[in-house]
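[1] How does the following fold in three dimensions:
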Amino acid sequence: MWESESESLGGREYGNGVLTSTKHTVKTDGFELRGKSWYVATDIPSDLLVQFGDVNFHLHKYPLLSRSGRMNRLIYDSRDPDLNKIALDDLPGGPEAFELAAKFCYGIAVDLTAANISGLRCAAEYLEMTEDLEEGNLIFKTEAFLSYVVLSSWRDSIIVLKSCEKLSPWAENLQIVRRCSESIAWKACANPKGIRWAYTGKPLKVSSPKWNDMKDSSPNRNQQVPPDWWFEDVSILRIDHFVRVITAIKVKGMRFELIGAAIMHYAAKWLPGLIREGCGPTEEISSSSGGSNSNSSSNSWKGGLHMIVAGIKDDPTTVQSKDQRMIIESLISIIPPQKDSVSCSFLLRLLRMANMLKVAPALVTELEKRVGMQFEQATLADLLIPTYNKGETLYDVDLVQRLLEHFLVQELTESSSPGRQSFSDKHMYDGTQRGNGTSAKMRVARLVDSYLTEVARDRNLSLTKFQVLAEALPESARSCDDGLYRAIDSYLKAHPTLSEHERKRLCRVMDCQKLSIDACMHAAQNERLPLRVVVQVLFSEQVKISNTIATNSLKEAGDGQYQPMISNRKTLLEGTPQSFQEGWATAKKDINTLKFELESVKAKYLELQNDMENLQRQFDKISKQKQTSAWTSGWKKLGKLTKMTPLENHDSGPQISTAADQQTRKTPRRWRNSIS
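    Model (predicted):
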């Protein structure tokens with residue numbers, strides 16, 4: 001019936017992952033499943049019922065008590081000899097792990113694999129199956145399998161770490177997660193030339209060869225291994241385990257570019273479809289996880305995302321939203337601090353998602369600083385981030401303003417370092433190699449101008465926000481203000497009710513002298529611009545055309561030292577485009593009208609002066625016929641003084657002026673005497 005033979009040394013060994021024991025306490029042919037209940041195939045009736053929810057195990061006390069310290073305490077500490085029912089709902093690994101542990105207690109061979117070893121190891125720890133009860137107990141054998149089989153294999157380490165997701169905190173306390181993470185990190189940092197096994201793209205259901213397996217029959221022996229061979233396998237892990245692996249890889253000294261690429265690969269797998277082409281801020285974007293390789297037995301972790309970009313009525317409080325927020329916060333925390341470790345587009349997408357899910361403000365600020373370091377790499381589509389805080393504007397203009405400030409601070413800081421070689425020095429804006437060498441500030445200026453043109457169509461965008469963002473960059477960042485002019489024109493179209501003062505204030509952000517000929521021709525005919533701005537545009541363009549014509553004429557003459565000069569009117573008009581002449585003709589009409597009115601006033605003045613002289617001559621003839629008196633004498637002198645022109649008065653000298661003044665002062669007194 002009950003046998004207690006000593007277990008031999010050979011019985012404690014396992015071959016090909018099969019765990020056996022020569023000590024048979026109960027002769028049995030195995031376990032039988034009837035419905036949801038397990039029975040031992042033996043003639044001896046069971047005397048112990050172990051329950052796991054709705055799953056029951058009809059077992060015998062002695063095999064379990066001989067190898068499990070916990071079962072000993074539960075039965076003997078109860079002081080109830082008739083105790084025949086025990087509930088173990090909190091056993092890690094569940095009924096599957098307990099089934100394997102029970103078979104081991106009965107001496108039945110157990111097949112150890114990477115899929116069940118972590119659960120069986122935790123269950124053995126829970127049941128306290130130590131060496132104190134019996135030599136070669138379950139803890140010893142599972143620990144040996146982990147150390148010598150699992151940790152020597154790349155894919156087995158991945159499988160075990162994936163299976164630990166439902167075994168917290170037991171797997172953490174038993175150092176299974178730490179050991180698997182370090183094993184994966186060590187293998188990922190190894191020389192790819194030494195890798196000779198199927199490392200990716202294969203189903204993770206069977207164990208792979210060991211790490212040191214160098215057989216000639218390996219299918220990838222002569223195949224060159226890419227540096228990102230480990231991305232796909234690591235990306236199936238849950239975010240907390242992925243963080244552990246990346247942290248261990250950083251300690252091993254892997255290049256930050258590869259770490260950043262692995263992070264982007266993980267985000268693409270677990271956060272797909274967040275930003276789609278043509279998706280507006282009011283559309284709903286939902287996506288599911290691409291991680292189909294994950295264990296179906298995972299409890300709460302579903303993977304993937306179901307994202308609502310806008311129209312969120314309440315704060316995201318669901319479990320799914322919390323999982324999304326945890327992924328974002330974890331990814332932000334493990335991004336390498338070096339510049340260009342990840343792309344700016346990835347950072348901006350991460351920032352969009354962080355704002356939507358209301359990630360911790362400190363992490364959002366850190367992410368904004370990272371974007372500022374690489375702001376010249378951004379695109380317009382990435383910058384069009386909707387406002388998730390129910391703001392007035394459609395797009396988050398304040399966020400772009402902060403990003404621009406971080407960029408300027410970073411540029412100011414790095415400008416003092418002589419050995420600086422940033423992304424802007426390695427690549428051109430259009431992707432070609434460095435030729436004309438446009439600076440990062442110029443690319444950012446073009447980007448900001450395009451962004452202003454796009455957001456200017458929003459009628460809720462205030463003039464102050466537009467002006468502050470347009471004036472944030474220094475004047476040297478823009479060699480041409482055509483982009484600013486387009487943004488200003490878009491703003492004027494979307495805000496037709498602006499006052500004259502506001503339109504002038506808006507146009508101050510633009511330098512008319514930096515406009516191209518096409519922009520000047522458009523501005524000269526733009527009725528939305530203030531008249532003063534149109535005149536400035538015409539004047540600046542006229543000067544530029546004149547200088548260009550003069551420069552070309554002098555160059556053709558072969559004069560080495562020349563100065564820009566203005567040619568005659570006929571030459572200017574012949575060299576001026578027809579559309580520009582039409583715009584200039586309107587202004588000339590106003591000038592000619594004013595000149596005509598001035599000539600008319602001058603003619604009327606001369607006519608009145610002639611009439612006065614005729615009247616004076618007639619009066620002189622009449623006065624000669626009368627006797628000379630003090631009254632007539634004074635009147636004649638006054639008449640002569642009146643007829644003098646300004647030039648004659650100037651030539652007569654100070655003596656004539658003095659006599660006239662004395663006569664003028666005496667005349668009123670004579671008038672008063674005559675009247676009296």
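[2] Touching, residue 444 and residue 376? I think so.
    Yes. Between residue 444 and residue 376 there is a contact at 5.4 Å, judged by CB atoms under 8 Å. To be clear about C-beta, it is placed using only N, CA and C from the backbone, and glycine gets the same treatment.
[3] who touches both of those two?
    Common contact partners of residue 444 and residue 376 (CB atoms under 8 Å, 6 or more residues apart in numbering): residue 407.
[4] unless I'm mixing things up, residue 60 is touching residue 40, no?
    Yes. With contact defined as CB under 8 Å, residue 60 and residue 40 form a contacting pair (6.9 Å).
[5] tell me what the lengthiest helix in the chain is packed against?
    Ranked by number of residues, the top helix in the chain under DSSP state H is helix 578-624. The elements that helix 578-624 packs onto, with contact taken as 3 or more CB pairs under 8 Å, 6 or more residues apart in numbering; DSSP states H and E, are helix 517-524, helix 531-557, helix 630-643.
[6] Okay, angle between that helix and helix 531-557 too, please.
    In this structure, helix 578-624 runs at an angle of 110 degrees to helix 531-557, with axes from the mean of the first three to the mean of the last three CA atoms, to 10 degrees as the basis.
[7] Now do helix 578-624 against helix 517-524, angle only.
    Computed by the same axes, to 10 degrees, the angle between helix 578-624 and helix 517-524 is 50 degrees.
[8] what's the residue nearest to residue 182 when sequence neighbours are not counted in contact with, if anything?
    Counting by CB to CB, 6 or more residues apart in numbering, residue 248 is the residue found nearest to residue 182 once chain neighbours are left out, at 5.3 Å. For residue 248, the contacting residues are 181, 182, 184, 185, taking CB under 8 Å, 6+ apart as the criterion.
[9] Surely the second one forms part of a helix?
    Yes. For residue 182, which was evaluated using DSSP: H, G, I helix; E, B strand; the rest coil, the result is membership in a helix.
[10] ok so, going back, ranking the helices and strands packed on helix 578-624 by mean pLDDT, which is last?
    Mean pLDDT per stretch puts helix 630-643 lowest among those, at a mean of 54.
[11] what ranges do the strands span in this structure?
    Counting by DSSP state E, residue ranges of the strands within the chain are 14-15, 18-19, 31-34, 37-40, 48-52, 55-59, 85-87, 110-111.
[12] Please tabulate these in CSV, including the columns mean neighbour count.
    Formatted as CSV, the entries for these read as follows, by neighbours: other CB atoms under 10 Å:
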stretch, mean neighbour count
strand 14-15, 13
strand 18-19, 18
strand 31-34, 12
strand 37-40, 18
strand 48-52, 18
strand 55-59, 20
strand 85-87, 13
strand 110-111, 18
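[13] As a markdown table, these with distance to residue 268 and mean pLDDT would be great.
    Formatted as a markdown table, these follow (distance: least, CB to CB, whole Å; pLDDT from 0 to 100):
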| stretch | distance to residue 268 | mean pLDDT |
| --- | --- | --- |
| strand 14-15 | 40 | 40 |
| strand 18-19 | 40 | 56 |
| strand 31-34 | 42 | 82 |
| strand 37-40 | 44 | 84 |
| strand 48-52 | 39 | 88 |
| strand 55-59 | 39 | 89 |
| strand 85-87 | 44 | 87 |
| strand 110-111 | 36 | 90 |
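[14] Just put these in CSV and tack on distance to residue 365.
    Formatted as CSV, the strands of the chain follow (distance: least, CB to CB, whole Å):
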stretch, distance to residue 365
strand 14-15, 54
strand 18-19, 53
strand 31-34, 57
strand 37-40, 56
strand 48-52, 48
strand 55-59, 50
strand 85-87, 50
strand 110-111, 52
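[15] To residue 327, which of the ones you listed lies closest?
    strand 48-52 (31.9 Å; CB to CB).
[16] And that closest one, what does it pack against?
    strand 55-59, strand 85-87, helix 94-105.
[17] swap the cut-off to 10 Å and go again
    strand 37-40, strand 55-59, helix 61-65, helix 69-76, strand 85-87, helix 94-105 (3 or more CB pairs under 10 Å, 6 or more residues apart in numbering; DSSP states H and E).
[18] helices or strands up against the third one?
    It refers to helix 61-65. strand 48-52, helix 69-76, helix 94-105.
[19] can you give me the angle the shortest one makes with helix 94-105?
    For strand 48-52 against helix 94-105, the angle between stretch directions is 150 degrees (the same axes, to 10 degrees).
[20] How about the second one?
    Here helix 69-76 runs at an angle of 90 degrees relative to helix 94-105 (the same axes, to 10 degrees).
[21] Could you export helix 69-76 as CSV, CA atoms only?
    These are the backbone C-alpha positions of helix 69-76, laid out as CSV (Å, rounded to 0.1, in the frame of the first residue of the first chain):
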residue,chain,number,x,y,z
GLY,A,69,5.2,22.0,4.8
ARG,A,70,2.2,24.2,4.3
MET,A,71,-0.2,21.2,4.0
ASN,A,72,1.3,19.9,7.2
ARG,A,73,0.5,23.1,9.0
LEU,A,74,-3.0,23.4,7.6
ILE,A,75,-3.9,19.8,8.7
TYR,A,76,-2.1,19.4,12.0
